[in-house]
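Trainee: below: sequence and its predicted model.
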Amino acid sequence: MKELIVERFEPVTLIGAGALDPGDLEAALALAPTLVAADGGAAAALAAGYMPVAVIGDLDSLSADVQADLPSDALHHVAEQTTTDFDKALRMIDAPVVLGVGFLGGRIDHQLAGFNTLMQPHPSPCVLLGPQEVVFHLRGEIALPLEPGEVVSLFPMQQVTGWSEGLEWPIEGLHLDPMARVGTSNRAEGPVRLRANGPGMLVILPRVRLGLVTQALVEKAHAELTRVEPAVRD
């Protein structure tokens with residue numbers, strides 16, 4: 001595997017070549033000011049007036065004109081064709097959280113590929129920003145200070161169990177399965193805590209909760225780093 005290309009102690013925005021709603025990129029950059037592009041996402045970044053610090057992918061979606069507008073040292077070619085450019089980019093970024101724009105809201109097959117990529121063991125958690133929702137893969141446990149009545153959808157990408165506190169319909173004891181029971185259209189009764197007992201659970205929240213989710217994942221990453229550091233020093 002290639003070494004990491006982007007390492008940050010603050011959240012990172014990753015832009016793809018898919019559909020972008022007005023304000024998507026600005027909303028992400030307000031929370032995650034370092035901008036990285038997945039292949040053709042570089043063209044969207046330049047069109048919006050932003051220069052990515054790195055462009056990662058097989059680079060087959062970048063025109064010669066766009067490449068000429070990018071610093072040569074910002075281009076990072078990953079030649080293999082077995083994964084998407086989104087996957088390639090996430091493998092090369094280490095940050096408390098990555099906010100992905102331009103990966104939802106377009107073609108359904110691209111969205112499904114994006115959800116599949118969220119499941120992979122990347123260095124950083126990733127939140128995808130869509131037209132109406134934000135989506136992230138639940139790793140372990142997270143606390144979310146939601147308001148009563150807010151929609152909390154849980155969708156299993158594979159068989160998975162978990163635990164919840166603060167949901168109208170608790171998930172403890174349930175076996176969620178994409179071929180059987182799913183957990184969409186649940187509701188918060190107030191602050192929520194969620195835990196997945198393994199990989200495979202997507203959490204889907206209203207788009208307006210992007211900042212809350214970002215902060216929760218940053219705090220989780222920092223807490224995990226604090227727990228690991230003493231062991232490293234020993």
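Mentor: Everything's here; your move. Numbers count the residues shown, from 1 in each chain.
Trainee: what's in contact with the lowest-mean-pLDDT helix or strand in the chain?
Mentor: Among the secondary structure pieces of the chain, namely its helices and strands, helix 210-233 has the lowest mean (mean pLDDT, DSSP states H and E), a mean of 81. With Cβ atoms under 8 Å, 6 or more residues apart in numbering as the test, helix 210-233 has contacts from 11, 27-28, 31-32, 96-97, 99, 124-125, 127, 129, 134, 136, 140, 142-146, 205. From N, CA and C alone the C-beta is placed, and that goes for glycine too.
Trainee: narrow those residues to just the buried residues.
Mentor: For these, a neighbour count by 16 or more other Cβ atoms under 10 Å gives the buried set as 11, 27-28, 31-32, 96-97, 99, 124-125, 127, 129, 134, 136, 142, 144, 146, 205.
Trainee: output stretch 190-208 as CSV, restricted to C-alpha atoms.
Mentor: Below are the C-alpha coordinates for stretch 190-208, written out as CSV (Å, rounded to 0.1, in the frame of the first residue of the first chain):
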residue,chain,number,x,y,z
GLY,A,190,-33.3,13.4,23.0
PRO,A,191,-29.5,12.8,23.2
VAL,A,192,-28.7,9.5,21.6
ARG,A,193,-25.9,7.0,22.1
LEU,A,194,-25.2,4.3,19.5
ARG,A,195,-22.9,1.3,19.5
ALA,A,196,-22.3,-1.2,16.8
ASN,A,197,-20.9,-4.6,17.8
GLY,A,198,-19.1,-5.0,14.5
PRO,A,199,-18.8,-3.3,11.1
GLY,A,200,-21.6,-2.8,8.7
MET,A,201,-24.0,-0.2,10.2
LEU,A,202,-24.7,3.1,8.4
VAL,A,203,-26.1,6.0,10.4
ILE,A,204,-28.3,8.5,8.4
LEU,A,205,-29.2,11.8,10.0
PRO,A,206,-30.7,15.1,8.7
ARG,A,207,-28.2,17.2,6.7
VAL,A,208,-28.4,20.1,9.3
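Trainee: apart from its neighbours in sequence, what residue is nearest L176?
Mentor: Nearest in space to L176, with sequence neighbours left out and distances taken as Cβ to Cβ, 6 or more residues apart in numbering, is P156 at 3.9 Å.
Trainee: again with V160
Mentor: Spatial nearest neighbour of V160, chain neighbours left out: G200 (4.0 Å); criterion: Cβ to Cβ, 6+ apart.
Trainee: quick check: that neighbour touching M119?
Mentor: Yes. Taking Cβ atoms under 8 Å as the contact criterion, G200 and M119 are neighbours in contact, 6.6 Å apart.
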